[in-house]
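Q: sequence and predicted structure below; questions after.
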Amino acid sequence: MKIRLLVFAALAAVVSCAPRERIPAAPDYDSPEAWYVTDRGADVDLFYISSTETFDATVGRKVYHYAQAADSAACPGMRAEMEGVDRILAGDLNFYSPFYRQMSMETYLDTALIDSRFPVAMEDVRAAFKHYVDERSDGRPFVLAGFSQGGELLVELLKELPDSLQDRLVAAYVLGWKITPEDLAASSAIRPAQGADDTGVTICYNSVDSPEHASFVSSGNTVAINPVNWCTDATPAVLFDSLTVTLDPETKLLLVDGFEGTGYAWKPYFEDGCYHTFEIRWYGESLRENIAERCEAYQVSHTSGNPLFDGWYADPEAVVFEQEYWIYPTYSHPYEEQLFMDAFSSKDLVHWTKHGKVLSKDNISWLWRALWAPSVVRKDGKYYLFFGANDMHEKGEGGIGVAVADNPAGPFKDALGHPLVDEVVNGAQPIDQFVFLDDDGTYYMYYGGWGHCNLVKLGDDLMSLVPFEDGSIYKEVTPQGYVEGPFMLKRNGTYYFMWSEGGWTGPDYHVAYARADSPFGPFKREGTILESDPAVATGAGHHSVIRGRGEDEYYIVYHRHPLGATDGNNRVVCIERLHFDASGRILPVRITFEGVPASRL
């Protein structure tokens, strides 16, 4: 009995002294310390899941089989890989890579251990990707990539990718891991790449010298493409002038011939002839070029389209507020129905959100018809919407008013209770106002129909007119051919004055421009920049211009009549790029059905 007690005591002592397996704390993805990020100001991101850079570690009586990712400083191998992959693959893209509790290398010696420990790593990757989508991506399209363990996690992430995000997926690169038939059947997001420039697809490959050296990362793979020539058949490709890379359509393995190196295999995980460690190093340049190619193809295929949004709208005022594009158009219906204005916002010029009735008769006591051509500016935290109302012909019938809101989506409320401009001066009907902020802080308003254009100076409150230095309130600046729809753009110190000519209901409606060294002109007509195309649409006019993020990135937003339209009010809002030549002249705009690619501010 005494001996038996001593044995039990000895066993207890051994057990109490044995290291205890611990799961480390999860990273906090709200913290910058949980990420490796390179923000290049690009329109597309690369989200990368790193490979296994962790080994079992014993700290005191605790043994860890995961990376201690809550402290990124404790993960130097993971950081080094992130830096290398960013340098090799990202190119011009923004790069996001999360530290996560990846499984240790030793885990891969036992399938049962992989199954039991994988959920911890997946929990982190899932949380990191959600944080990226919700807090960091700002709606941009993205490329997903993962190598080895990161590839395994990426396959699971693709299975969970919701339909709402699949449209933003440029491509997924599962590097050094397999995609099984079960994986393929489990996700509509896993679509095998068929060439070099298809998008929304998954790229997968695993390199060996012969099928006998397939390993646990590649056995059972069913998706593969050659990353040198981007073929899915057995067409061979030459790499580094010494290696021949051929895809085996039967085993879905990359067969590499001509490599004579030694000491590269991570035994006992991989044997000689398994080139797992070279999956990024060998093909890095080709992968980087391919990522850029697929991004370009994505941008071309994901354009705004024209019209930008459904409905009959005209006279669009396009403006940028708080890193977001806004368009305020006229509701293009009979005058008596034009008693409100909608607005539309977008972060990328492609996806637009409607904000209904940002201004309406409910907030303008003197409006009874014909609410037209808004112009919107932001000043001191307030938003000012200038509008034309009632199609004024004689004093007292209406004119140009101003409404104010605390938000670009309104609701805007009439600020004066009466028009700001309520009479015909210099023959200009008080409609089609455009408010222009000059570099010196002065707010001007150009306006006018009936073939005449006036310029007035706004007071600091934006709700009053103040005299010019000569004491006058109104200055006529009408150029030759002017009908209505004035717009002013200042670029490189030059004032570009633009306007619409022709009849707004007809096919001859178009936009012309002039240049001057002063907001007062004189404005000498230089040419037409926007007009009908009988193969696309008619009556292209009454426009505005916004600037994108690029150095000389401008867009013209305008309305036009669809082909076959018989009602003058059948107008839709469209967008095209606006270009300048080396001398500063505006190049004629070609109207399209495609519109413009996505562009974020």
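A: Yep, that arrived. Numbering: from 1, shown residues only.
Q: domain parsing for the chain?
A: Residue ranges for the domains of the chain, per automatic domain parsing: 20-301, 313-578.
Q: which residues are in contact with stretch 583-592?
A: For stretch 583-592, contacts defined as CB atoms under 8 Å, 6 or more residues apart in numbering pick out 306, 491-492, 494, 496, 513, 515, 526-533, 536-537, 540, 556, 560, 574, 576-581. For the C-beta atoms, the positions are set from N, CA and C on the backbone; glycine is no exception.
Q: filter these to the buried ones?
A: Buried members of these, scored by 16 or more other CB atoms under 10 Å, are 306, 496, 513, 515, 529-532, 536-537, 540, 556, 560, 574, 576-578.
Q: got the CA positions of stretch 22-35 in PDB?
A: C-alpha atoms of stretch 22-35 as PDB (Å, rounded to 0.1, in the frame of the first residue of the first chain):
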ATOM      1  CA  ARG A  22      -2.100  27.100 -23.700                       C
ATOM      2  CA  ILE A  23      -3.900  29.100 -26.400                       C
ATOM      3  CA  PRO A  24      -2.500  32.600 -26.600                       C
ATOM      4  CA  ALA A  25      -4.700  35.700 -26.500                       C
ATOM      5  CA  ALA A  26      -6.300  36.800 -29.700                       C
ATOM      6  CA  PRO A  27      -5.000  39.900 -31.600                       C
ATOM      7  CA  ASP A  28      -7.000  43.100 -31.300                       C
ATOM      8  CA  TYR A  29      -7.600  44.100 -34.900                       C
ATOM      9  CA  ASP A  30      -8.600  47.600 -33.900                       C
ATOM     10  CA  SER A  31      -5.000  48.100 -33.000                       C
ATOM     11  CA  PRO A  32      -2.400  49.000 -35.700                       C
ATOM     12  CA  GLU A  33       0.000  46.600 -33.900                       C
ATOM     13  CA  ALA A  34      -2.100  43.700 -35.200                       C
ATOM     14  CA  TRP A  35      -1.400  44.600 -38.800                       C
END
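Q: what average pLDDT does it get?
A: On average, the pLDDT along stretch 22-35 is 96.
Q: pull out the buried residues from that stretch.
A: Applying 16+ other CB under 10 Å to stretch 22-35 flags 24, 27, 29, 34-35 as buried.
Q: redo those as CSV? Include secondary structure and distance to residue 317.
A: Below are those laid out as CSV (DSSP: H, G, I helix; E, B strand; the rest coil; distance: CB to CB, whole Å):
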residue, secondary structure, distance to residue 317
24, coil, 54
27, coil, 45
29, coil, 39
34, helix, 42
35, strand, 39
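Q: farthest-apart pair in these, please.
A: The distance between the two most remote of the buried residues of stretch 22-35 (CB to CB) is 17.3 Å, for 24 and 35.
Q: mark which of the buried ones among the contacts of stretch 583-592 are part of strands, please.
A: If you go by DSSP state E, the buried ones among the contacts of stretch 583-592 have 496, 513, 515, 529-530, 537, 540, 556, 560, 574, 576-578 in strands.
Q: quick one: residue 312 and residue 412, what's the gap?
A: 21 Å (CB to CB, to the nearest Å).
Q: which of the two has more neighbours?
A: Shown here are residue 312 and residue 412; by other CB atoms under 10 Å, residue 412 has more neighbours (28 against 19).
Q: list the residues that contact that one.
A: Applying CB under 8 Å, 6+ apart, we find residue 412 in contact with 358-359, 363, 383, 385, 403-405.
Q: I'd like to know which of these are buried.
A: Among the contacts of residue 412, those buried by neighbour count (16+ other CB under 10 Å) are 358-359, 363, 383, 385, 403-405.
Q: among the residues you listed, which are in strands?
A: Among these, the members found in strands (DSSP E) are 358-359, 383, 385, 403-405.
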